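Novice: this one's structure only:
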């Protein structure tokens, strides 16, 4: 999984040999770490420790640094030259999360006495002056958005193998460094995590070569690739840094999104200027399309690098129980009229929602409809159109396409229009664009005649026991309905996703051993598809006092409407494992 973290979870070997390696490495670690920290970073500084360092010196010039907080706190170890270039720091570019992780490492491992205000200033300065351009950040968005996805890095399989053995490739592709800096980063990894050599860096290499031609280790091949594909200076950064500025985001924005387990939601965000340039305050109101109370949130945010929104918002009604709230990670599009991303929470940032915000102007905008699925032959079905500046349109001004007739408008406001419609029995099955009084929305609805199957998403889930010493990692499932398409076969290109359905949920045993009993101990799955694991630590009620870990099936059951409809079932594998015992937590700092 791409959310595996190098610094956040390292499994021990458990053998005496491995313990000996760690103990031996611990005596060498201070020296190795110090050498890695004091390297020059560029202009031919020694990379050390490997044949990849024998390449031509990297003469890339680092970025001069003028920030007072960096000079006051960092140059004691990272020397600064007469041009303002600082060792290590000037030769890398990162996301705000990347720079925050570096600051935390300096405080936690190198005992830097750093005032929190200075820490925020340093992260802000480096993110703005040595960040990533939008085009560079786009492939790595999933990393700061903390998405649990199986990302595949296809540019070089050997580099992916070397890096993904311990952490997400998102952490790698969201950095830019000189060749020397990539080598020094490698040295730091080997100093702090000695078993990385066996696990990835020197594993399966170098191969024996009878011709005597030197062979490279996996780590050396990775450095060669990374220094070529992700160099310090790029045309994208040169172009972006020339035009970068604080975006003007004040005003009202139309909010839409989807939360697994709860479905679509729609509302508004009012953004105002904050205490300083690039800081904002927010007032957010939204409602879930499936019903429920209106949600109100208040928040603060900072926009880094001219486009990276990082914020946190809380629900005043829940503040007594939840003082942390939702972490907001969004990306502002060029033109400053749209931004999108993910808001999340949880011990492992696993519970979240996809969001899109579009600036509200004088023109009508459609955000979505509910319900989205329209059954062939249905009569008098109420559908609500959500948006902004929606006119009090007549029924004939709202168009769902051939075979769908809007009978009348039930009620209308500037933010929503509820219509009553009918679908002809001969209407074509498929997605429909919506047009209403000058506004439109692509694939707004889906016309279907039957549900052939359901699918549980994600197909494989991961949860971690906790609650006693470590936090729990929850897992949310959804059940999605599908029509198999003209070919009548499942999981082919012509399949049509109909949407989320209200399934019933239960757990079933995933049989691995004789008399397997994981389902009794791993945790509980509620009727919204949310799995909550049991406590961490030994369980005296279980055989041999084992932990509450195991493998089970998360099973969804759904019966479509209709007289002769049969129950449909689907399942997903759920792995319930141990907590991340060693973990840096760089994601919970207030913006």
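Specialist: Received it, and whenever you're ready, just let me know what you need. Just so you know, these numbers come straight off a predicted model, no measurement behind them. Numbering: from 1, shown residues only.
Novice: okay, now residue 382: neighbour count?
Specialist: Residues lying near residue 382 (other CB atoms under 10 Å) number 12. Every residue, glycine included, has its C-beta placed from N, CA and C.
Novice: Could you give the bridge partners of it?
Specialist: residue 420 (DSSP bridges).
Novice: just checking, it touches residue 422?
Specialist: No - Residue 382 lies out of contact with residue 422 (CB atoms under 8 Å); the separation is 11.2 Å.
Novice: tell me, what's touching the two both at once?
Specialist: Counting by CB atoms under 8 Å, 6 or more residues apart in numbering, no residue touches both residue 382 and residue 422.
Novice: In the protein, where is pLDDT below threshold?
Specialist: By pLDDT under 70, the weakly predicted segments of the chain are 1-55, 205-210, 212, 320-321, 323, 582-591.
Novice: Could you rerun that using 50?
Specialist: 1-39, 42-53, 584, 586-591 (pLDDT under 50).
Novice: Give me the domain ranges for it.
Specialist: 16-243, 251-359, 365-448, 453-577 (automatic domain parsing).
Novice: in the stretch 101-250 of the chain, which spans are strands?
Specialist: 175-177 (DSSP state E, counting those that start in this stretch).
Novice: try the stretch 401-550 of the chain
Specialist: For the stretch 401-550 of the chain, strands defined by DSSP E, counting those that start in this stretch occupy the ranges 404-412, 416-423, 430-436, 439-448, 453-457, 460-464, 475-476, 478-483, 496-500, 504-509, 523-525, 530-533, 550-558.
Novice: between those strands, which one is nearest to residue 334?
Specialist: With distances scored as CB to CB, the stretch of those nearest to residue 334 is strand 439-448 (20.4 Å).
Novice: Report the buried residues of that closest one.
Specialist: If you call a residue buried by 16 or more other CB atoms under 10 Å, then strand 439-448 has these buried ones: 439, 441, 444-448.
Novice: just stretch 150-160 next, same as before
Specialist: Quick answer for stretch 150-160 (16+ other CB under 10 Å): 151, 153, 156, 158-160.
Novice: same deal with stretch 407-415?
Specialist: 409, 412, 415.
Novice: Then stretch 484-494?
Specialist: Of all the residues in stretch 484-494, those buried under the rule 16+ other CB under 10 Å are 484-485.
Novice: what's it in contact with?
Specialist: With CB under 8 Å, 6+ apart, stretch 484-494 has contacts from 452-453, 482, 495-496.
Novice: Taking the residues you listed, tell me the two that lie furthest apart.
Specialist: 453 and 496, at 11.2 Å, using CB to CB across the contacts of stretch 484-494.
Novice: Determine the residues that are contacts of both of the two.
Specialist: With CB under 8 Å, 6+ apart as the test, residue 453 and residue 496 both reach residue 482.
Novice: Residue 100 sits in which helix or strand?
Specialist: Taking DSSP states H and E as the criterion, residue 100 maps to helix 96-110.
Novice: which other helices and strands contact that helix?
Specialist: helix 116-129 (3 or more CB pairs under 8 Å, 6 or more residues apart in numbering; DSSP states H and E).
Novice: quick one: the helix it packs on to helix 96-110, angle?
Specialist: Using axes from the mean of the first three to the mean of the last three CA atoms, to 10 degrees, the inter-axis angle of helix 116-129 relative to helix 96-110 is 140 degrees.
Novice: Pull the residues that contact helix 116-129.
Specialist: 63, 65, 67, 69-70, 72-74, 89, 94-96, 99-100, 103, 107, 241, 244, 278, 302, 304-306, 308.
Novice: Just the buried ones from the residues you listed?
Specialist: Buried members of the contacts of helix 116-129, counted by 16+ other CB under 10 Å: 63, 65, 67, 69-70, 73-74, 89, 94-96, 99-100, 103, 241, 244, 278, 302, 304-306, 308.
Novice: Just the ones in helices from the residues you listed, please.
Specialist: Under the assignment DSSP state H, those contribute 69-70, 73, 96, 99-100, 103, 241 to helices.
Novice: State the pair within these that is farthest apart.
Specialist: So, those by CB to CB: farthest apart are 73 and 241, at 24.1 Å.
Novice: which of the ones in helices among the buried ones among the contacts of helix 116-129 lies closest to residue 581?
Specialist: residue 100 (22.0 Å).
Novice: Export the buried residues of stretch 407-415 to TSV and append columns for distance to residue 249.
Specialist: Listed next are these as TSV, based on distance: CB to CB, whole Å:
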residue	distance to residue 249
409	34
412	29
415	21
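Novice: Out of these, flag the one nearest to residue 548.
Specialist: Distances from residue 548 to the buried residues of stretch 407-415, taken by CB to CB, are shortest for residue 415, at 45.9 Å.
Novice: Confirm for me that that closest one is in contact with residue 390.
Specialist: Yes - Residue 415 lies in contact with residue 390 (CB under 8 Å); the separation is 6.8 Å.
Novice: coming back round to it: what would the buried residues of stretch 150-160 look like in CSV with distance to residue 435?
Specialist: Formatted as CSV, these follow (distance: CB to CB, whole Å):
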residue, distance to residue 435
151, 37
153, 41
156, 46
158, 51
159, 47
160, 45
